[in-house]
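Participant: Quick check, what structure comes out for this input:
(one chain, ligands or ions: 1)
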Amino acid sequence: MNSSYVVGIDVGGQTSKIGVVDARGTVLAQTVIRTDTYSDVAPYIVELAEAVRKVIKEAGAEVTVIVGFRSKDIVILEEEFKACADRLILMTDDGSYGRHGLVTQPLKEMLEAGEEFDEVLAIGPIPMMKFVSLTTKPFGTHTSVSLNPIMVDGTGMCGGCRVTVGGETKFACVDGPDFNGYEVDFDEAMMRSRMYAPFERHAHEKTCNLYRKEVR
Ligand code: FES
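Facilitator: Residues are numbered from 1 along each chain as shown. All right, here's what the predicted structure looks like:
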């Protein structure tokens, strides 16, 4: 499937419409699921993921999902990932579940084996997105990363989410959050994401102390 196609999801009160649209706005595949029959969001997400998988399949795409976790005890959404992927590769840092290692390993193996992808999407910690982009760059596979900088107003006015992309200042809240991974200054993004780390540590310790007092 060409990377200029997008999946659109219109969540309504009674129904949700899911479709694949090309650059001209032509709908290539579409489906509708009920929204109002769910009182819990989790089963709705599973059906939504299955509907997304169905329409992108109809539009001719195959999806490989690689997900990574620190260890087995924090693995989440495995069924949801399975529902929207033709192939799911689950990695853990300590090898306690799935394959042992980082998400970049199977990605590199597939690219080196000659597999071709129209688009690689990386969503997660900044260092992971940096190394996914470094992995795909020698193969020229278009790579989008979804940046998650600190956001304050979300309108492009406060500057909190400032990132440098292609040598230009961008605001992730209005210009992104998805950018070309080859153009992002990840080192600056990492440095800015750590700006409030001491405050976060202090707030966490304070909460822990409050909790300890409550249980005594
Ligand atoms: S969150 Fe304020 S400019 Fe983006």
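Participant: How about the secondary structure of residue 57?
Facilitator: helix (DSSP: H, G, I helix; E, B strand; the rest coil).
Participant: what sits opposite residue 90 in the beta ladder?
Facilitator: residue 67 (DSSP bridges).
Participant: For burial, what's the neighbour tally of it?
Facilitator: Counted by other CB atoms under 10 Å, the residues lying close to residue 90 total 19. The way it works is simple: take the backbone N, C-alpha and C, and place the C-beta from them, glycine included.
Participant: Just the pLDDT for it.
Facilitator: Residue 90 carries a pLDDT value of 97.
Participant: List the residues that contact it.
Facilitator: Contact partners of residue 90, counting by CB atoms under 8 Å, 6 or more residues apart in numbering, are 67, 68, 69, 75, 78, 81, 97, 98, 99.
Participant: between those residues, which is closest to residue 182?
Facilitator: residue 68 (21.2 Å; CB to CB).
Participant: quick one: terminal-to-terminal distance for stretch 11-23?
Facilitator: 22 Å (CA to CA, to the nearest Å).
Participant: what is the rounded mean pLDDT of that stretch?
Facilitator: 88.
Participant: Which segments of this protein make up each domain?
Facilitator: What the record gives for the chain is the domain set 1-61, 102-215, from automatic domain parsing.
Participant: out of those, nearest to the ligand?
Facilitator: Nearest to the ligand, of all the domains of the chain, is domain 102-215, at 3.3 Å by CB to the nearest ligand atom.
Participant: how far is stretch 159-177 from where the chain is centred?
Facilitator: The chain centroid and the centroid of stretch 159-177 are separated by 18 Å under CA atoms, centre = their mean, to the nearest Å.
Participant: Just the endpoints, please. Distance across it?
Facilitator: Note: stretch 159-177 ends 14 Å apart using CA to CA.
Participant: what residues does the protein put near the ligand?
Facilitator: Contacts of the chain with the ligand, taken as CB under 6 Å from any ligand atom, map to 151, 152, 153, 154, 156, 157, 158, 159, 160, 161, 171, 173.
Participant: list the contacts for the fifth one?
Facilitator: Each residue near residue 156 by CB under 8 Å, 6+ apart is listed here: 171, 173, 174, 175.
Participant: go with 6 Å
Facilitator: Contacts for residue 156 were tallied using CB atoms under 6 Å, 6 or more residues apart in numbering; they are 171, 174.
Participant: how close does it sit to residue 75?
Facilitator: 36 Å (CB to CB, to the nearest Å).
Participant: Next: the last one.
Facilitator: Spatial separation of residue 173 from residue 75 under the definition CB to CB is 30 Å.
Participant: Where does the prediction get shaky in this protein?
Facilitator: For the chain, the stretches with pLDDT under 70 are 1-4, 210-216.
Participant: Show me the helices in it, by range?
Facilitator: 41-58, 78-84, 104-112, 126-136, 172-175, 186-193, 197-215 (DSSP state H).
Participant: and the residue sitting nearest the centre point of the chain, how far is that from residue 144?
Facilitator: Taking CA atoms, centre = their mean as the criterion, residue 123 is the residue nearest the geometric centre of the chain, at 2.9 Å. The gap separating residue 123 from residue 144 is 9 Å, by CB to CB.
Participant: so how many other residues sit close to residue 160?
Facilitator: 16.
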